[in-house]
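> just coords:
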């Protein structure tokens, strides 16, 4: 294993962070969660330094927003130039070029050889909300189908579409009506039991029977799905699953919405995860790494769908803020440069190999999975029963940050360690972070 010494000068949290935590606890609600008990001072590429001078390897990327790395020089310079011009006018009041240029770019890079249009918003959750709105208006239908293990945000429709109850939904009802939930093809924990050798086929068969027992397809406006689940545990479905869903949608006039908020912009080794399957969604929702850490969401889809609703029905005061648009245009340019995706794929291969090695070495690792650099391990107390190792997972996260690595947990049972490294990370730093992770897994597994 490659040795990499992280620069930890104090215990975690350090004295300055402890003082800030006291203020945080006094003035910020406890419902706002935090992973690492430290406060950032600065960040560059794949490293974060806190206010106590401790430097961490970042395997979280600001919840998947920093695919091009922290504080990228080209983006900082582009933002500086834009700040000198203007900060905000509201696109609905006085239009500005970066909004239209970004819409043009998204039409170019998203899959599908057909006319497309884009509405820009503030976040991935807001993108999902608007995708549902336009799908309903276009189809004149009301029902929406989502999936188990889904995460689509914390707004009303986003929260309704989300599968996990605690902490996202408990006590926050009532939820939006006419939302139906289907099984997601989860090979490690199939919804249909061991008698089914093909969980994708079983899920697709269930989809068809659902139309007979729950709702007619003529009443369904849209299906919204993540190509790889995010908060749901980085579940990579079998290859036949997503194309099967797309086929059902096409046959029944249902708008096929793919949520690429976390999977998009190189995370899986392609600009979008659906590119692995050759699919052309009717609508793609985007966010997170679209703008290298600036707040932005986007809904890009078939022109006839996006154009269906009335003037004034889409938008918002800060949607498509010019600074965010400039950051997005620059980030996409970086990703399209020769070598970026090749490096991202190399990073994904290295990560997945190391996670498979951990699966071979440690019984606590029940499953290792990933698509590109969107990779995870699922921890269990027993490989036969697959009982989730929730407490052990939390301890791995803690041991990691105490030794200079930032990682995140995920999954319905809080037993998945998900890795979201900046795609520009250098190989020695990547291996150093994976060493810290493996040491934490080894320690927790006993």
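Received, thanks. Note that the structure is a prediction, hence the values are computed from the model and not measured.
> For the rest of this, base every contact and every neighbour count on C-alpha atoms.
Will do.
> I figured residue 98 hits residue 327, correct?
No: at 9.6 Å, residue 98 and residue 327 do not qualify as touching, with contact defined as CA atoms under 8 Å.
> Show me which of these two is the more surrounded one.
Remark: of residue 98 and residue 327, residue 327 carries more neighbours, 27 against 20, as counted by other CA atoms under 10 Å.
> List the contacts of the residue nearest to the more buried one when sequence neighbours are not counted.
In space, residue 327 comes closest to residue 291 once its chain neighbours are excluded; the distance is 5.0 Å by CA to CA, 6 or more residues apart in numbering. For residue 291, the contacting residues are 65, 324, 325, 326, 327, 328, 329, 331, by CA atoms under 8 Å, 6 or more residues apart in numbering.
> Which elements pack onto the one helix or strand the second one maps to?
Assigning secondary structure by DSSP states H and E places residue 324 in helix 322-336. Using 3 or more CA pairs under 8 Å, 6 or more residues apart in numbering; DSSP states H and E as the contact criterion, the secondary-structure elements in contact with helix 322-336 are helix 73-85, helix 97-109.
> now do 10 Å
Using 3 or more CA pairs under 10 Å, 6 or more residues apart in numbering; DSSP states H and E, the elements in contact with helix 322-336 are helix 73-85, helix 97-109, helix 340-361.
> Run the chain-centre distance for the first one.
What that stands for is helix 73-85. What separates the centre of helix 73-85 from the centre of its chain is 26 Å, taken as CA atoms, centre = their mean, to the nearest Å.
> elements contacting it?
Helices and strands touching helix 73-85, by 3+ CA pairs under 10 Å, 6+ apart, are helix 322-336.
> The helix it packs on - what's its average pLDDT?
For helix 322-336, the per-residue pLDDT values average out at 98.
> Same check on stretch 58-75?
When pLDDT is averaged over stretch 58-75, the result is 96.
> Now that stretch: buried residues?
In terms of neighbour count (16 or more other CA atoms under 10 Å), stretch 58-75 has its buried residues at 58-72, 75.
> So which of these belong to helices?
Counting by DSSP state H, the part of these found in helices is 61, 62, 63, 64, 75.
> Just flag the most distant two among the residues you listed.
By the measure CA to CA, 63 and 75 form the most distant pair in these, at 18.9 Å.
> pLDDT below threshold where in this protein?
With pLDDT under 70 as the threshold, the chain has low-confidence stretches at 1-6, 193-197.
> so where do the helices sit in the stretch 101-250 of the chain?
When assigned using DSSP state H, counting those that start in this stretch, the helices of the stretch 101-250 of the chain occupy the ranges 124-139, 156-161, 199-213, 241-251.
> so which of these comes closest to residue 301?
helix 124-139 (8.8 Å).
> roughly how far is the closest one from the heart of the chain?
Once both centres are worked out by CA atoms, centre = their mean, helix 124-139 turns out to sit 18 Å from its chain's centre.
> Just list what it packs against, helices and strands only.
If contacts are counted by 3+ CA pairs under 10 Å, 6+ apart, helix 124-139 sits against strand 116-121, strand 143-147, helix 156-161, strand 220-225, strand 255-259, strand 283-286, strand 297-302, helix 303-306.
> Mind putting these into CSV with distance to residue 398 and mean neighbour count?
CSV is the format used below for the helices and strands packed on helix 124-139 (distance: least, CA to CA, whole Å; neighbours: other CA atoms under 10 Å):
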stretch, distance to residue 398, mean neighbour count
strand 116-121, 35, 24
strand 143-147, 30, 20
helix 156-161, 28, 23
strand 220-225, 31, 26
strand 255-259, 30, 27
strand 283-286, 30, 30
strand 297-302, 31, 26
helix 303-306, 45, 18
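> Determine which of the ones you listed approaches residue 191 most closely.
The stretch from the helices and strands packed on helix 124-139 with the least distance to residue 191 (CA to CA) is strand 143-147; that distance is 11.8 Å.
> now the angle from the closest one to strand 255-259?
Angle, strand 143-147 to strand 255-259, by axes from the mean of the first three to the mean of the last three CA atoms, to 10 degrees: 40 degrees.
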